[in-house]
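[1] the amino acid sequence is not available; the structure is as follows:
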């Protein structure tokens with residue numbers, strides 16, 4: 001077997017196909033749980049990656065996710081959630097997937113070996129972008145090629161892999177190493193390795209959103225409320241943050257054009273939606289800072305009166 005942990009055989013897998021179903025499932029669950037624990041040691045790296053991602057988005061650059069196979073699918077899942085969950089402009093989120101997104105239907109393996117394809121796909125990367133490359137082995141030719149182009153063009157590079165000493169991690173601005181143990185099914189990195197990747201991506205993108213001011217007291221206050229469930233969720237957020245009733249919160253949401261942040265500021269006494277948006281602009285779109293400024297304005301007005 002390979003010396004790479006992602007290809008090694010699990011110590012308890014011998015005779016697996018003869019185990020009782022419940023015993024197999026317990027071993028599979030244990031493998032996922034052990035993999036998840038490896039994320040803890042990567043927390044400092046994930047924090048640095050979030051700094052880079054937030055700075056990039058704040059300055060108008062793109063966040064580019066790149067990967068192949070199951071690791072690429074994990075990256076896609078994270079990337080596609082950001083516009084809806086945190087209101088990040090879709091044009092600032094790009095996904096590079098070996099073979100293109102149409103390849104997710106049957107997931108052919110060939111494109112991940114195509115370094116030239118990775119280099120061509122990476123033509124969209126600019127110096128002001130942040131590229132997040134993920135590969136369980138850390139040696140996938142497509143993904144490594146994207147990383148090399150990103151470095152050559154002066155983009156910030158975040159590299160995530162599950163094997164120490166991986167080629168992908170070399171020269172990255174931030175290297176996120178998730179040292180997951182061997183898979184119960186040897187080489188099946190859609191299992192433990194992908195579980196750890198999913199957790200790391202969740203943490204990275206969520207911390208990025210916090211840094212951008214899109215989270216307030218645990219609420220996703222910059223969500224895109226474009227269906228009934230989300231419109232109800234948005235109104236509940238406004239009600240809780242502003243300390244008002246649900247129906248009043250819905251009315252403020254209508255007046256705010258669907259923006260939770262603007263609705264909260266209106267409920268707190270902002271003169272109108274334009275004034276609320278001006279407060280947000282001055283605060284860097286951080287609701288807490290905008291509320292503080294609004295409160296200071298109101299106190300100043302009371303003193304003058």
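    Perfect, I can see it now. Note that the structure is predicted; figures quoted are calculated from it, not measured.
[2] enumerate every residue touching the residue nearest to residue 78 when sequence neighbours are not counted.
    Using C-beta to C-beta, 6 or more residues apart in numbering and skipping the chain neighbours, the partner closest in space to residue 78 is residue 201 (4.0 Å). For every residue, glycine as well, the C-beta is placed using N, CA and C. Counting by C-beta atoms under 8 Å, 6 or more residues apart in numbering, residue 201 makes contact with 74-75, 77-78, 134, 160.
[3] select only the buried ones of these in PyMOL?
    In PyMOL syntax, the buried subset of the contacts of residue 201 is picked out as below (16 or more other C-beta atoms under 10 Å):
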select buried, resi 74+75+78+134+160
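[4] in strands, which of the contacts of residue 201 appear?
    When these are checked against strands (DSSP state E), the matches are 134, 160.
[5] mind picking the two most distant members of the contacts of residue 201?
    Within the contacts of residue 201, 77 and 160 form the most distant pair, 13.9 Å apart (C-beta to C-beta).
[6] quick revisit: could I get the contacts of residue 201 as JSON lines with distance to residue 244 and pLDDT?
    Listed next are the contacts of residue 201 as JSON lines, based on distance: C-beta to C-beta, whole Å; pLDDT from 0 to 100:
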{"residue": "74", "distance to residue 244": "39", "pLDDT": "96"}
{"residue": "75", "distance to residue 244": "39", "pLDDT": "96"}
{"residue": "77", "distance to residue 244": "35", "pLDDT": "95"}
{"residue": "78", "distance to residue 244": "34", "pLDDT": "97"}
{"residue": "134", "distance to residue 244": "43", "pLDDT": "98"}
{"residue": "160", "distance to residue 244": "42", "pLDDT": "98"}
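[7] and of the contacts of residue 201, the nearest to residue 282?
    In terms of C-beta to C-beta, no member of those lies closer to residue 282 than residue 78, at 30.7 Å.
[8] tell me the SS of residue 4?
    With DSSP: H, G, I helix; E, B strand; the rest coil as the basis, residue 4 sits in coil.
[9] identify the residues contacting it.
    Residue 4 makes contact with 137, 163, according to C-beta under 8 Å, 6+ apart.
[10] can you check residue 278 too?
    Residue 278 makes contact with no residue under the criterion C-beta under 8 Å, 6+ apart.
[11] how far away is it from residue 76?
    Distance, residue 278 to residue 76, using C-beta to C-beta, to the nearest Å: 37 Å.
[12] residue 174 too?
    For residue 174, the distance to residue 76 - C-beta to C-beta - is 20 Å.
[13] again, but for residue 22
    Computed as C-beta to C-beta, the residue 22 to residue 76 distance reads 33 Å.
[14] swap in residue 286?
    Residue 286 is 29 Å from residue 76, where distance means C-beta to C-beta.
[15] neighbour count winner among these two?
    Neighbours around residue 286 and residue 76, counted as other C-beta atoms under 10 Å, are more numerous at residue 286. The numbers are 20 against 17.
[16] who's in contact with the closest residue to that one other than its chain neighbours?
    Take residue 286 and drop its neighbours on the chain: the residue closest to it by C-beta to C-beta, 6+ apart is residue 213, 3.5 Å away. Applying C-beta under 8 Å, 6+ apart to residue 213 gives the contacts 222, 283-289.
[17] what do you get if the cut-off is 7 Å, keeping everything else the same?
    Neighbour list for residue 213: 284-287 [criterion: C-beta atoms under 7 Å, 6 or more residues apart in numbering].
[18] between those residues, which is nearest residue 82?
    Ranked by distance to residue 82 (C-beta to C-beta), the contacts of residue 213 are led by residue 285 at 15.1 Å.
[19] distance check, that closest one against residue 276.
    To residue 276, residue 285 is 11 Å away according to C-beta to C-beta.
[20] those two: which is more packed in?
    Each of residue 285 and residue 276 has its neighbours counted (other C-beta under 10 Å); residue 276 has more, 26 against 19.
[21] quick check: the more buried one is in a helix.
    Yes - counting by three-state DSSP, residue 276 is found in a helix.
[22] wait, isn't it in contact with residue 264?
    No - using C-beta atoms under 7 Å, residue 276 is not in contact with residue 264; the gap is 8.4 Å.
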